[in-house]
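Participant: Sequence first, then the predicted structure, then my questions.
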Amino acid sequence: MGAPAARGIYSPAQEQSGRFGGRGRTEPRPALPAGTPVVSRGLGWREMQRQSALRDPTKHRRATQYTRMLLTYLLEPKAGKEEVVMKLKKLESRVSTGRKWFRLGNVVHAVQATEQSIRATNPVPRLCLTLANLNRVIYFVCDTVLWVKSVGLASGINKDTWRRRAARHYCCFLLLSLVRDVYEISLQMGRVACDRARREESSSWDLPAYSVADEETEWLQSFLLLFRSLKHHAPLLLDTVKNFCDILIPLDQLGIYKPNTGIIGLGGLMSSVAGIITVAYPQMKLRTR
């Protein structure tokens, strides 16, 4: 006879032999009905990370870079953390350098996004996204010029000029993307308001009289309407959060708004997580109509 199994440890062989839990008989599990989906437990976030890393590895590198930036900001004022802070800064520099090797793929993706936006049927998103993606292409070109200068492949390049030029086009890209988001939000709020008015009209016979209190709560109603609109449109919420968090970076580089590194790190991390979600789950990406 083989060695007895350890108590309290479950294995498939024990279940088949009927020795699990001290029972002397086998208790087969009930069969699932045909067509029932099987859900894997505890692997949702890891599976999402694996899929997003395969489809777009720059998202994970970006999230790692801004996580290190945020941790550096939080640990730097504390005594005795100097060595940890130095290691985090070196790791952040290495990750930032590693991300730059994917710039060629970024340029190709931006050109493809420009071609797709030109074919949009709605004129407002078509204009905003086409101009935004053109600015994104120019931004990646400027970033490539900076990389050529940093590795010593070319001389005579003014690094500060090209850095500001890249930040300016990146800022234009994000501003135009936010304009598109605001337009989509206004359309979604209009749909939600029409649906609500239609339900109230069908469910009530007498309309309440207008009062001054309606004016006082108008801002609250507008906020609730915005909340309901984004609640029922997760891709639009993710895209808006991503663009809003990203715009802090070029605003800091251009000197328009100077947040601390903690805010930049937190914004970059939130934007990266939103990007990872849209890569892992393509249905969460805001579509161009």
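Facilitator: Good, I have the coordinates.

Participant: How about the contacts made by V148?
Facilitator: By C-beta atoms under 8 Å, 6 or more residues apart in numbering, V148 lies in contact with A154, I157. All C-beta atoms are positioned from the backbone trio N, CA, C, and that covers glycine.

Participant: Can you name the helix or strand that it falls in?
Facilitator: In this structure, V148 sits in helix 123-150 according to DSSP states H and E.

Participant: Just after that helix, pick out the following helix or strand.
Facilitator: That would be, after helix 123-150 and using DSSP H and E, helix 159-203.

Participant: right, and L238 touches S272 too?
Facilitator: No: at 11.9 Å, L238 does not count as touching S272 under the criterion of C-beta atoms under 8 Å.

Participant: Where does the prediction get shaky in the protein?
Facilitator: 1-58, 85, 89-104, 203-216 (pLDDT under 70).

Participant: And the helices in it?
Facilitator: 12-17, 44-55, 57-75, 82-99, 103-118, 123-150, 159-203, 213-216, 218-231, 234-246, 248-253, 261-280 (DSSP state H).

Participant: To R287, which of these lies closest?
Facilitator: helix 234-246 (7.2 Å; C-beta to C-beta).

Participant: okay, the angle between that closest one and helix 218-231?
Facilitator: Angle, helix 234-246 to helix 218-231, by axes from the mean of the first three to the mean of the last three C-alpha atoms, to 10 degrees: 110 degrees.

Participant: buried sites along helix 234-246?
Facilitator: Within helix 234-246, the residues that qualify as buried are P235, L236, L237, L238, D239, T240, V241, K242, N243, F244, C245, D246, counting by 16 or more other C-beta atoms under 10 Å.

Participant: would a markdown table of these with distance to V124 be doable?
Facilitator: Conversion of those to a markdown table gives the following (distance: C-beta to C-beta, whole Å):
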| residue | distance to V124 |
| --- | --- |
| P235 | 17 |
| L236 | 14 |
| L237 | 19 |
| L238 | 20 |
| D239 | 15 |
| T240 | 16 |
| V241 | 21 |
| K242 | 20 |
| N243 | 16 |
| F244 | 19 |
| C245 | 23 |
| D246 | 21 |
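
Participant: In this structure I185 contacts L236, no?
Facilitator: Yes: here I185 lies in contact with L236, judged by C-beta under 8 Å, at a distance of 6.5 Å.

Participant: any common contacting residues for these two?
Facilitator: Shared contacts of I185 and L236 (C-beta under 8 Å, 6+ apart): S229, L230.

Participant: out of everything not next to it in sequence, what's closest to L175?
Facilitator: Excluding its sequence neighbours, the residue lying closest to L175 (C-beta to C-beta, 6 or more residues apart in numbering) is I247, at 7.1 Å.

Participant: Next, count neighbours for that neighbour.
Facilitator: I247 is flanked by 21 other residues according to other C-beta atoms under 10 Å.

Participant: list the contacts for it?
Facilitator: C171, L174, L175, L178.

Participant: Could you find the closest non-adjacent residue to the last one?
Facilitator: Same thing as L178. That would be N243: by C-beta to C-beta, 6+ apart, it lies 5.0 Å from L178.
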